[in-house]
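Undergrad: starting from these lines, generate the structure:
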Amino acid sequence: MVGYVNLAYDYPVLGAFWTAMWVFLWVMWVILLFRIVADIFRDDTMSGWAKTGWLLLVLVLPFVGVFIYVCVRGHELGRREAQHAQAVRDEFERYIREAAGRGAEAAGVSEVDQLAKLSEIRARGDISDEEFSRAKEKILH
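TA: Residues are numbered from 1 along each chain as shown. Predicted coordinates:
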């Protein structure tokens, strides 16, 4: 048992810190690389040849290619990301509205039926006139 040494003594805290930092930097580098590749494909202003050139530069010389890309086209990176997120959000909302509309039509409930039911609810006093007008606007639009 003389040759037994605890790992904590062979790997000091500063070594663990440096290892954690290098792993963190490596993960950040991979995330940045994937974001840039996605941005290259997402950009509609570039031609196919320009996309091919940037992609080759980023994949063949990753460190230099990424730094050049960020310097040259980095100011538009956030704008394109926001536009993509907005387009996805709009498409999702359109799908939800379409699916909700199909659900009411599939159930055989027309706008007239919905308005009649809404009037009954108001007549019972379950909703106020203001709530009735808001719900009526939603049904008619």
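Undergrad: any idea of the pLDDT on residue 134?
TA: Note for residue 134: predicted pLDDT of 87.
Undergrad: my error: substitute residue 57 in the last question.
TA: 92.
Undergrad: try residue 35
TA: 91.
Undergrad: which residues touch it?
TA: 77, 81 (C-beta atoms under 8 Å, 6 or more residues apart in numbering). (Each C-beta comes from the backbone N, C-alpha and C, glycine too.)
Undergrad: also residue 76?
TA: Here residue 76 is in contact with residue 43 (criterion: C-beta under 8 Å, 6+ apart).
Undergrad: report pLDDT for it.
TA: Looking at residue 76, its pLDDT reads 86.
Undergrad: name the SS class of it, please.
TA: Classification of residue 76 by DSSP: H, G, I helix; E, B strand; the rest coil places it in helix.
Undergrad: that one and residue 40, how far apart?
TA: The spacing between residue 76 and residue 40, counted by C-beta to C-beta, to the nearest Å, is 12 Å.
Undergrad: so this protein: which segments form each domain?
TA: 7-77, 110-141 (automatic domain parsing).
Undergrad: find the centremost residue of this structure, please.
TA: Ranked by distance to the mean C-alpha position of the chain (C-alpha atoms, centre = their mean), the top residue is residue 85 at 5.3 Å.
Undergrad: before we move on, the earlier item: among the domains of the chain, which is nearest residue 96?
TA: Distance to residue 96, taken as C-beta to C-beta, is lowest for domain 110-141 among those, at 13.7 Å.
Undergrad: what ranges of this structure fall below the confidence cut-off?
TA: Applying pLDDT under 70 to the chain picks out residues 1-11, 101-109.
Undergrad: can you pull the buried residues of stretch 39-53?
TA: For stretch 39-53, a neighbour-count test (16 or more other C-beta atoms under 10 Å) marks 39, 40, 46 as buried.
Undergrad: please apply the same query to stretch 86-105.
TA: Going by 16+ other C-beta under 10 Å, stretch 86-105 has no buried residues at all.
Undergrad: got a list of contacts for that stretch?
TA: Against stretch 86-105 from outside (C-beta under 8 Å, 6+ apart): residue 114.
Undergrad: same thing but at 7 Å, please
TA: Residues outside stretch 86-105 that contact it (C-beta atoms under 7 Å, 6 or more residues apart in numbering): none.
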